[in-house]
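J.: Fold the stuff below for me.
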Amino acid sequence: MADARFSDARDAPLRLRAVDAEDLKVISALLQDAVFPVGEMRFQRKRRRFVALVNRFRWEDREAAERRGRGVERVQSILSVDDVRGAATLGIDLAERDTVLSLLSIGFEPGEDGAGRLTLVLAGDGAVALDVECIEVNLRDVTRPYLAPSRKTPRHPETE
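T.: Below is the predicted model of the structure:
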């Protein structure tokens with residue numbers, strides 16, 4: 001009996017949860033190059049939750065798209081972070097709700113007793129810092145994939 005391969009999996013919406021720094025690396029990789037307008041992110045202070053509706057590039061489908069000669073895709077996903085004690089932004093004008101942000105990565109700086117700071121690093125030197133009691137991050141696809149408007153795979157020449 002042969003081992004299962006990733007390509008054998010059915011195409012299904014992602015639904016992932018990170019509860020530690022290693023889990024967070026997976027979500028960060030899947031969200032690299034996600035784009036979203038400023039108006040689609042919210043810190044819900046009373047619920048202690050940060051949420052963003054993002055258009056993420058489907059990195060998990062890129063090789064299959066190239067192999068089959070079809071366009072690469074994006075999908076709308078909800079990124080949510082629970083147990084958020086505070087939020088701050090750097091280099092983002094929250095009044096400019098239509099400004100499109102591009103997510104590069106999500107990092108975590110541990111503090112005491114599992115607490116710490118999650119940082120959403122954005123292109124153009126922007127960032128969202130979330131002080132959290134623990135890592136509890138969820139990523140859930142909420143639409144069907146659609147053809148990426150640029151029809152191109154995001155590139156990072158400085159890392160190639």
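J.: quick one, helices of this structure?
T.: 21-31, 62-68 (DSSP state H).
J.: E136: which of those is closest?
T.: Proximity to E136, assessed across the helices of the chain by Cβ to Cβ, is greatest for helix 21-31 (10.0 Å). The C-beta positions use only the backbone N, C-alpha and C, and glycine is treated the same way.
J.: Now do that closest one: which elements does it pack against?
T.: strand 15-18, strand 49-57, strand 73-82, strand 100-110, strand 137-141 (3 or more Cβ pairs under 8 Å, 6 or more residues apart in numbering; DSSP states H and E).
J.: which other residues reach that helix?
T.: Residues from elsewhere that reach helix 21-31 (Cβ atoms under 8 Å, 6 or more residues apart in numbering): 14, 16-18, 54, 56, 59-60, 77, 79, 103, 105-108, 110, 118, 135, 137, 139.
J.: Now do the contacts for S105.
T.: S28, L31, Q32, L120, V121.
J.: how about a cut-off of 10 Å?
T.: L24, K25, S28, A29, L31, Q32, T119, L120, V121, L122 (Cβ atoms under 10 Å, 6 or more residues apart in numbering).
J.: from the helices of the chain, which stretch is densest packed?
T.: Sort the helices of the chain by mean neighbour count, taking mean count of other Cβ atoms under 10 Å, and helix 21-31 sits at the top with a mean of 16.
J.: so what's Q44 bridging to?
T.: Note on Q44: beta-bridge partners R49, judged by DSSP bridges.
J.: So which elements touch the helix or strand of the chain with the lowest mean pLDDT?
T.: Ranking every helix and strand in the chain by mean pLDDT, DSSP states H and E puts helix 62-68 at the bottom, with a mean of 91. Under the contact criterion of 3 or more Cβ pairs under 10 Å, 6 or more residues apart in numbering; DSSP states H and E, helix 62-68 touches strand 73-82.
J.: chain center to the strand it packs on, what's the gap?
T.: 6 Å (Cα atoms, centre = their mean, to the nearest Å).
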